[in-house]
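Participant: take this sequence and fold it.
(one chain, ligands or ions: 1)
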Amino acid sequence: MKIDILTLFPKMFEGFLTESIIKRAINDGLVEINIIDFRKYSPFKHHQVDDTPYGGGAGMVLMCEPVVRAIEDVKTPDSLVILTCPQGQTYQEKTAQTLKNYHHLIIVCGHYEGYDERIREFVDLELSIGDYILTGGEIPAMAITDSVVRLIEGVITKESYEEDSFTNNLLDYPTYTKPASFRGMDVPEVLLSGNHQKIKEYRIQEQIKRTKERRPDLMEEQNENKEN
Ligand SMILES: C[S@@+](CC[C@H](N)C(=O)[O-])C[C@H]1O[C@@H](n2cnc3c(N)ncnc32)[C@H](O)[C@@H]1O
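Facilitator: Below you'll find the predicted structure:
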C-alpha cells in the first residue's frame, strides 16, 4: 500500500514515521508513506498557498491551485483521495477496515480557517476524526494512517487486532500482567488456571459485559445488522 499525505507542515510527521510499528512497517516494505509539501505546487510568488476569504471574515483559506495541482500530480486510477474535514463522515474502525483494501490513499491536510470550497470537487471522501476542531489535518492524517497501517497483513499479528475494541462491534476484554496481586487487587483466577477454553469463555463474557455497560449502541448496531 502507498499513502501520500499532502500537508504544509511535513516536519510534524517526523516522529510519527520514525518510531515503533509504523517505522517497522515502512522498513519491512509493507507500506510506503510519502509526505508531500503542497507549497511546492504553488504557481504564485513566494509559494503562496492561502489568501483571505471572499466576503470577509477571520483567518486564511487554502487556495485551490496548490492543493489541486498536488492531488493531480500524485493521483492514479487506483487512488482514493481523502480530505480531512470536521464536517466529514465520522471516522470509525470499520472505515479503517475498508481503507486498508485500497492500493493508494491520498490524504489532504487542511489548515488555518480551512480550504476553498471548490477543492471538495477533487476528493472522493471527507473524514472527520470527531466533533472537535484541530488546528490542522495533520493529526487526523496520522490517526487515519496509523489505524489503517496496523491492519495491513504482516504489520501486527491478526490475533492482535481481531479482539480489539470495535472489531465485531464489541469492546476488548480486560487484560492483566505480573504481579498476580497488586495493592490488594487480584488478577481473576481463571486467567491463572491455564485452562484455555475457560479463558476464552471468560474473555467473550467480559467483552459482552463491557460493551453493554459502556457502549450499548455498538450492540444495538450489531443486532440491527443481523436483522437486515
Ligand atoms: C481549524 S480547521 C477548519 C475548521 C473549519 N473552519 C470548520 O469549522 O469546519 C483546519 C483544518 O484542520 C483539519 N481538521 C480540524 N478538525 C478536524 C477534525 N475533527 N477532523 C478532521 N480534520 C480536522 C481540517 O483539515 C481543517 O480544514
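Participant: going by C-alpha atoms from here, please, whenever you check contacts or count neighbours.
Facilitator: OK.
Participant: now the residue of the chain most remote from its centre: phi and psi?
Facilitator: In the chain, the residue that sits farthest from the middle, by C-alpha atoms, centre = their mean, is Gly184; the gap is 38.3 Å. When read as degrees, to the nearest 10, the backbone of Gly184 gives phi 80, psi 0.
Participant: show me which residues of the chain sit near the ligand.
Facilitator: Counting by C-alpha under 6 Å from any ligand atom, the positions of the chain adjacent to the ligand are 84-87, 109-115, 127-137, 140.
Participant: again, only using 8 Å
Facilitator: Counting by C-alpha under 8 Å from any ligand atom, the chain comes close to the ligand at 83-88, 90, 108-115, 127-141.
Participant: whichever of those residues end up buried, select them in PyMOL.
Facilitator: Buried residues within the residues of the chain next to the ligand, by 16 or more other C-alpha atoms under 10 Å, are selected in PyMOL with:
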select buried, resi 83+84+85+86+88+108+109+110+111+113+114+115+127+128+129+130+134+136+137+138+139+140+141
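Participant: now the residue nearest the centre of the chain: closest residue in space, sequence neighbours ignored.
Facilitator: What sits nearest the mean C-alpha location of the chain, by C-alpha atoms, centre = their mean, is Ile144, with 1.8 Å. Excluding its sequence neighbours, the residue lying closest to Ile144 (C-alpha to C-alpha, 6 or more residues apart in numbering) is Ala96, at 7.1 Å.
Participant: that neighbour is in what secondary structure piece?
Facilitator: Assessed by DSSP states H and E, Ala96 sits inside helix 93-99.
Participant: residues in contact with that helix?
Facilitator: 105, 144, 147-148, 151, 166-167 (C-alpha atoms under 8 Å, 6 or more residues apart in numbering).
Participant: between these, which is nearest the ligand?
Facilitator: Taking C-alpha to the nearest ligand atom as the measure, the ligand sits nearest to Ile144 out of those, at 9.7 Å.
Participant: from Arg69, how far off is the residue nearest to the centre of the chain?
Facilitator: Ile144 sits 23 Å away from Arg69, going by C-alpha to C-alpha, to the nearest Å.
Participant: could you pick out the longest strand of this structure?
Facilitator: The single longest strand within the chain, with elements called by DSSP state E, is strand 79-90.
Participant: direction included, what does that one pair against?
Facilitator: The strands beside strand 79-90 in its sheet (DSSP bridges) come out as strand 104-108 (parallel), strand 125-128 (parallel).
Participant: any chance of CSV for those, columns mean pLDDT?
Facilitator: Below are those laid out as CSV (pLDDT from 0 to 100):
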stretch, mean pLDDT
strand 104-108, 98
strand 125-128, 98
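Participant: which helix or strand contains the residue nearest to Leu191 when sequence neighbours are not counted?
Facilitator: The shortest distance from Leu191 to any non-neighbouring residue, by C-alpha to C-alpha, 6+ apart, is to Ile199 (6.0 Å). If you go by DSSP H and E, Ile199 is part of helix 196-214.
Participant: can you map out the strands along the chain?
Facilitator: For the chain, applying DSSP E gives strands covering 2-7, 32-37, 50-51, 61-62, 79-90, 104-108, 114-115, 125-128, 181-182, 185-186.
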